[in-house]
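*Asks:* just coords:
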């Protein structure tokens with residue numbers, strides 16, 4: 001798909017978003033239209049990310065539907081529920097909603113309020129994630145250690161591939177968050193690693209591809225090298241308390 005086709009697709013997606021906001025979400029104060037289509041990176045199968053903000057709601061929700069042939073993921077909020085999820089994103093290290101707001105095109109009558117929230121989200125994104133520390137850090141180190149240890153023994157190729165799959169996300173999180181960069185799920189993990197360090201991203205990708213084919217040695221070595229930056233393997237002394245309400249009386 002060339003640049004002209006991508007531009008046409010983006011214009012069609014924006015028109016579809018404008019129509020569905022008017023027809024489905026009448027009374028909304030403003031909306032953000034985001035996603036790969038709007039960035040000019042979409043494909044024929046890409047969806048529209050739509051954040052719709054009403055003056056006030058009883059509760060937020062999300063829904064999926066099709067508009068003019070485009071799959072749409074709509075996240076419906078008022079300013080307070082949106083603020084809750086923006087801060088939740090920032091605390092988690094995965095700025096999914098924050099990115100939608102920062103990169104989104106604004107629709108609707110209350111443009112000034114939309115710009116205020118967009119500027120706030122941009123500041124959150126620029127500030128970066130909170131440093132790795134505490135229970136979440138311990139858990140991530142433990143998870144990478146536990147999965148890496150599963151790669152140490154002699155296993156059939158299909159088991160190595162099955163172990164490498166969940167290790168991919170956990171190790172990517174440790175690499176990104178451990179260097180003060182935002183993390184990302186799914187397709188965003190390799191994108192963010194490329195932005196952070198193209199050579200490391202290429203090494204990560206090559207090692208994972210070998211592991212997915214049944215040879216986990218290079219992926220294990222990469223995990224061990226990364227763990228070494230965080231004090232080495234973390235198993236001895238790890239503890240995770242269950243919530244107090246985790247109890248059922250029969």
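*Replies:* That came through fine. These numbers come from a predicted model, not from an experiment.
*Asks:* Can you give the contact residues for stretch 176-185?
*Replies:* 93-96, 125, 128-129, 131-132, 140, 169, 172-173, 189, 191-193, 195-196, 226, 229-230 (CB atoms under 8 Å, 6 or more residues apart in numbering). For the C-beta atoms, the positions are set from N, CA and C on the backbone; glycine is no exception.
*Asks:* Now do the buried residues in it.
*Replies:* 176-178, 181-184 (16 or more other CB atoms under 10 Å).
*Asks:* how long is it end to end?
*Replies:* Criterion CA to CA, to the nearest Å; first-to-last residue distance in stretch 176-185 is 11 Å.
*Asks:* and the contacts of stretch 176-185, which of them are in helices?
*Replies:* Among these, the members falling in helices (DSSP state H) are 96, 125, 140, 169, 172-173, 189, 191-193, 195-196, 226.
*Asks:* per the record, what domains does this protein have?
*Replies:* Following the assignment in automatic domain parsing, the chain carries domains at 3-127, 134-228.
*Asks:* ok now the longest one, how far from the chain's centre?
*Replies:* This means domain 3-127. Here domain 3-127 is found 15 Å from its chain centre; the criterion is CA atoms, centre = their mean, to the nearest Å.
*Asks:* Between its first and last residues, how far does it reach?
*Replies:* 32 Å.
*Asks:* The shortest one too?
*Replies:* Its start and end residues considered, domain 134-228 measures 18 Å (CA to CA).
*Asks:* Which parts of this protein are strands?
*Replies:* Along the chain, counting by DSSP state E, strands occupy 30-34, 48-53, 61-67, 70-77, 105-107.
*Asks:* nearest to residue 241, of the ones you listed?
*Replies:* strand 61-67 (31.3 Å; CB to CB).
*Asks:* Pairing partners for that closest one, with directions?
*Replies:* With DSSP bridges as the test, strand 61-67 is paired with strand 70-77 (antiparallel).
*Asks:* ok, and what's touching stretch 37-50?
*Replies:* Outside stretch 37-50, the residues within contact range by CB under 8 Å, 6+ apart are 1, 3, 6-7, 9-10, 13-14, 16-17, 20-21, 31-36, 67, 70-75, 100, 103-105.
*Asks:* Tell me the buried residues in stretch 108-115?
*Replies:* 108, 113-114.
*Asks:* Give me the contacts around that stretch.
*Replies:* 21, 28-32, 53, 79, 106.
*Asks:* Buried among the contacts of stretch 176-185? Need that as a selection in PyMOL.
*Replies:* The PyMOL command for the buried members of those (criterion: 16+ other CB under 10 Å) is given here:
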select buried, resi 93+94+95+96+125+129+132+140+169+172+173+189+192+193+226+230
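*Asks:* wait, residue 207 sits on residue 222?
*Replies:* Yes - here residue 207 reaches residue 222: they are 5.0 Å apart, a contact under CB atoms under 8 Å.
*Asks:* and the helix or strand of the chain with the lowest mean pLDDT, what does it pack onto?
*Replies:* Least confident helix or strand of the chain, by mean pLDDT, DSSP states H and E, is helix 3-24 with a mean of 88. If contacts are counted by 3 or more CB pairs under 8 Å, 6 or more residues apart in numbering; DSSP states H and E, helix 3-24 sits against strand 30-34, strand 48-53, strand 61-67, strand 70-77, strand 105-107.
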